[in-house]
Structure formats: structure tokens, C-alpha cells
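Chemist: Sharing a model that was predicted from the sequence below.
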There are 2 protein chains.
Amino acid sequence: MAKFTHANSCNTCPYKDYALTKLQTNDVDLIQNSCLIVNFKKGENVCKQGTEVTHALYLAKGSVKLYIEGKNKNLILKIITDSKYIGLQSLFGDRIYQYTITTLEDSQICMINANIILNLAKKNVNYLFELTRNISEATNFVYKKIIDINQKQLRGRLADVLLHFSENVFKSDTFELKLTRKELAEYSAMSMENTVRILNEYKKDGIIDIEGKIFTIKQPDILRKVAELG
Amino acid sequence: MAKFTHANSCNTCPYKDYALTKLQTNDVDLIQNSCLIVNFKKGENVCKQGTEVTHALYLAKGSVKLYIEGKNKNLILKIITDSKYIGLQSLFGDRIYQYTITTLEDSQICMINANIILNLAKKNVNYLFELTRNISEATNFVYKKIIDINQKQLRGRLADVLLHFSENVFKSDTFELKLTRKELAEYSAMSMENTVRILNEYKKDGIIDIEGKIFTIKQPDILRKVAELG
DNA sequence: TTATAACATTGATGCATATCAATGTTTTGT
DNA sequence: ACAAAACATTGATATGCATCAATGTTATAA
């Protein structure tokens, strides 16, 4: 199992979340005292669909995939890379994880007792407000995901996904995607074979360049048109 | 356009939301003074995808569909019938509606200035906590919706939808669905023709009974099996 | 360092589902 | 009360996509 250490400097932590700035010093101490910094190796589960929510999860360093496990296939809803809470809405909802979270590389996750966060949230409205904003934006993201799955077909979906990585996640025309083709497929809600096929189509057409896991968007405008037309 | 009246008795309103009980009397008055009770006729838009969020929307009486408008087809995410806030997460997120809401029958909607709700939320943590719980549950519902669309095929999806209406919404084996076949299709993420086809399949098999818009679930166990097997 | 498994690629096949078409039925508005 | 539009139904057709299959390539572990 993963190794862990106790947090000892949340206030000066370089991965600190903005919501923490809304808390009094002694409240940050409460979090710090409860907080375990757990080192996960690549491919380990951080939480598991169907289990009870006992901790708030904060991704300090690394990257994870958040996905729904189905009978035959999985659906990756989000790739989370930055210093971010992961799955906050599970704290306030029915306290059962609706999804599994797995690391895509060695990562550090802060685990804070759920009730401590809930109590702080009940005490400090500015803190709760930040968490709520966070949850709301997560919901809006999922709405966009649904519309993609429902309204576009393969080529459009994959174009969307590539643009999303380039523009929102890595903010660069060239990026290294820490996903296998299968995972990219699960993120785009299509089969792995078709993902490969369409990627190579785009490559042949000079729209993108692929070198293993290094992606280069060569003609973002065309990709944008494909994404738009579906 | 829809007629409206000013609210004058939020505290004693039979459609009052639970979250309101968390507010002081004078704070409820703030809401009451801002609150317009708008009478919408069947088929009118309550809010429109892509527009700015200026008001919190509370469905006092009636029923609405919340749906994403696409190029060719719409996707209904939720049918809301009870005394419920509709689209709370849009208040805390990027303040642009990601969806359109349309009434399914004549309905009364309370419209409260968004900033008044936000200010109260910032002042009263118990109130905000209830709103947050509300948003979280909405998010979890959407997650379930995604998994249905992604993992199951037509028959399973439609079985799921029928069971959901019977068990969660109307809590009865027999119910009147205020949806056209097209809307039922948009809610189940499939074509209208296939919706009709499969409904009649179920009818022929004696699993359900349909009389116009009156649905009767005759063999819920079989329907549950269909929903499970996909 | 070699064996084994996971990953990646490409082509061929089948099927679920949307779309098209034609027709009857019910609402809706005037 | 009538016309027009929206809704509902059923069958035939087309196609987007998953699945299967075969093979090469790259990680991973013993």
C-alpha cells in the first residue's frame, strides 16, 4: 500500500488550494492535523466506486483519472492535474462514490477526514462558498461532457478532446498525454480501435502529429471545424 | 409574456423549500421582497441556454423539463416536479445557463434576484449548506444519467427511465407522463421512433400498459431485469 | 535478460440504432 | 368547427460504430 506522511505546513504548502485562504489559522491547523499526505504509485486507486466517502481528497501533485466503471467499459469523466480537490460533491451528496479515481502517474494526495471538512464548511461560510463554486463548475463540466457524448460523433468527439487538452489542460500545441490509447478512448467515449484509426487519419491529413504519447496540434483551426461539425 | 405577482408570504407558503427554514425571518423577508411569482403557460421557456443567470429559479408548482439544446436533437437531463430549486449550480458557476428549462404544464416559478441569494448564502452558512447539498445531489444525478447513456442500450435505457418515473418521481405503478413521445425519447437519449417501437414491444409482452399518456408498470421485476442487463 | 503481459495498429464483419418515408391520430389556434 | 400543425405509429433502409481477429510493438516483472 501507499506510503504516507503527516502534513505539517499546509499554510506554506506550494500546492495549497485557494479555498484554504478563507480559513482562520487555527482552522487550517485542524485540517493540517487530520491531513495525511499519501504517496500513490501510478495506477493505484485513490477511491473506489460504490464505497463510502470518508475523506476529502485533494490532489496536491501528479495526475489522476476520474471514471465511471461499467460492466464492459469505463467512461473517464475528467483528467485532473493541477492542485485541485477531486470529487468534492461526494462529500455533500449521498456520501457514496459514484466513480473511481486512479492515478496516471506517481501522485501525492492529501486525505482529510470528511467530517472535519464538513464541520469547517458549516462554520465558515466563505470557505464553503469556495467549495460550492468548485462543485458547481464540476457540474457544468459534466454537462458539457454529456452533450459531447450525445450530440457528436466519433471524429467530432475526438477533435474536441484533443483541443481540450491543448487549450485548457496543457495550454500548448504540443503536449505529452499520460494516457494509453485505451484511456483516451474511454475519455472520448468510443472504442480503442476507432480512437487509433481516427488519430492516424488526422495524422495522415496533417492535422496533428503523434510520436508515441507526444501530441502536436498542427492545424487547430481544422480540428476546431471538425469538432464543431461533429 | 407570463403574468406575475409579488410574493407576500414565503414563510407560510405551502411550496416553501426546506433551505428557507435555515434563514432568519428578516432574511426570508429579503427573499420575499425580491421574489416574483411568475405564471408560465405550458411550453414556455423559463430560462434559455447561453443566457446570463440573473435570477435563482424555484419551481413552486407545476413541472418543467431541463434540457440541453443541440444542433439536431435535444437531451432532457431532468424532469422536475416538486417544490424545488431548478439549476442552482448555475448561480455559483460561470453564471451562464448551460441548458434551457421549459414548462411541461402551467407552472408557477419564483424568481429571486441572483445576488440576493448569493449574499444570503455568504451570510448564512446553514442556508448555503442546504443549497450545496442540493447542487451535489444534482451532480450525482447527472453522473447516473451519463452512465446510462454510455453503458446501456435502448431497451435498458428505456426500462430505466420508466422505473425511475414509477419509483422515484410518481411513486406509483400507474402514472400520467406529461411528456410527448418525442420528449420521452429526448429524455432517454434515443430516437422518437425507437421509443415508440420499444414501448409497444413492452406492451405486447405484457410488461407495461399504455393508454395515451397513462403508463402502468405491470411487471416491474422484468423491467428491472431489462434495465440491469442493458 | 528473457518472458509475459499490456499496449498499439489495421482490416474485415455484424449489428444496433438513426434516418427516411408514408399514414393515421390528436392538439391547437382561429 | 375547421384547418393546420404537432404528435404517434409502423415498416424499410442506410450507416456509424463496436466487435472480432491477427499481428506487431513496447513496457513490466521475475
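Modeler: Done, it's in. Residues are numbered from 1 along each chain as shown, chains lettered A, B, ... in the order given.
Chemist: list the buried ones in the longest helix along chain A?
Modeler: Criterion DSSP state H: the longest helix present in chain A is helix A:125-151. Within helix A:125-151, the residues that count as buried by 16 or more other C-beta atoms under 10 Å in any protein chain shown are A:125, A:127-136, A:138-143, A:145-151. For the C-beta atoms, the positions are set from N, CA and C on the backbone; glycine is no exception.
Chemist: ditto for stretch A:215-230
Modeler: Across stretch A:215-230, burial judged by 16+ other C-beta under 10 Å covers A:215, A:217, A:220, A:222-223, A:226-227, A:230.
Chemist: Outline the domain layout of chain A.
Modeler: Following automatic domain parsing, one finds the domains of chain A at A:3-145, A:152-229.
Chemist: The helix or strand of chain A with the lowest mean pLDDT pairs with which strands, and in what direction?
Modeler: Least confident helix or strand, chain A: strand A:3-6 with a mean of 85, by mean pLDDT, DSSP states H and E. Using DSSP bridges, strand A:3-6 pairs in its sheet with strand A:36-40 (antiparallel).
Chemist: so after the partner strand, what's the next helix or strand?
Modeler: Sequence order places strand A:45-47 as the next helix or strand after strand A:36-40, per DSSP states H and E.
Chemist: Now do the helix or strand following that next one: which elements does it pack against?
Modeler: Counting by DSSP H and E, the element after strand A:45-47 in chain order, helix or strand, is strand A:55-61. Strand A:55-61 is packed against strand A:84-85, strand A:107-113, helix A:114-123, with contacts defined by 3 or more C-beta pairs under 8 Å, 6 or more residues apart in numbering or on different chains; DSSP states H and E.
Chemist: Give me the phi and psi for the closest residue to residue A:182 other than its chain neighbours.
Modeler: Nearest residue to residue A:182, sequence neighbours excluded (C-beta to C-beta, 6 or more residues apart in numbering or on different chains): residue A:192, at 4.6 Å. Backbone geometry at residue A:192, expressed as degrees, to the nearest 10, gives phi -60, psi -40.
Chemist: List the contacts of residue A:192.
Modeler: If you count contacts by C-beta atoms under 8 Å, 6 or more residues apart in numbering or on different chains, residue A:192 has them with A:181-182, A:185.
Chemist: What is the three-state secondary structure of residue A:161?
Modeler: helix (DSSP: H, G, I helix; E, B strand; the rest coil).
Chemist: Show the contacting residues for it.
Modeler: Contacts for residue A:161 (C-beta under 8 Å, 6+ apart) come out as A:184, A:187-188.
Chemist: As TSV, these with distance to DNA strand D and secondary structure would be great.
Modeler: Below are the contacts of residue A:161 laid out as TSV (distance: C-beta to the nearest atom of the strand, whole Å; DSSP: H, G, I helix; E, B strand; the rest coil):
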residue	distance to DNA strand D	secondary structure
A:184	12	helix
A:187	12	helix
A:188	9	helix
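Chemist: before we move on, back to that, what angle sits between the longest helix of chain A and strand A:55-61?
Modeler: 80 degrees (axes from the mean of the first three to the mean of the last three C-alpha atoms, to 10 degrees).
Chemist: now check helix A:125-151, is it near DNA strand D?
Modeler: No. Figure legend: helix A:125-151 not in contact with DNA strand D (C-beta under 7 Å from any atom of the strand); closest approach 9.9 Å.
Chemist: circling back to that earlier point, buried residues of the least confident helix or strand of chain A, list them for me.
Modeler: Buried residues in strand A:3-6, counted by 16+ other C-beta under 10 Å: residue A:4.
Chemist: Mind checking if whichever helix or strand comes after that strand is in reach of chain B?
Modeler: Next helix or strand after strand A:3-6 toward the C-terminus (DSSP H and E): helix A:25-34. No. Using C-beta under 8 Å from any C-beta of the partner chain, helix A:25-34 stays clear of chain B, with a minimum separation of 13.1 Å.
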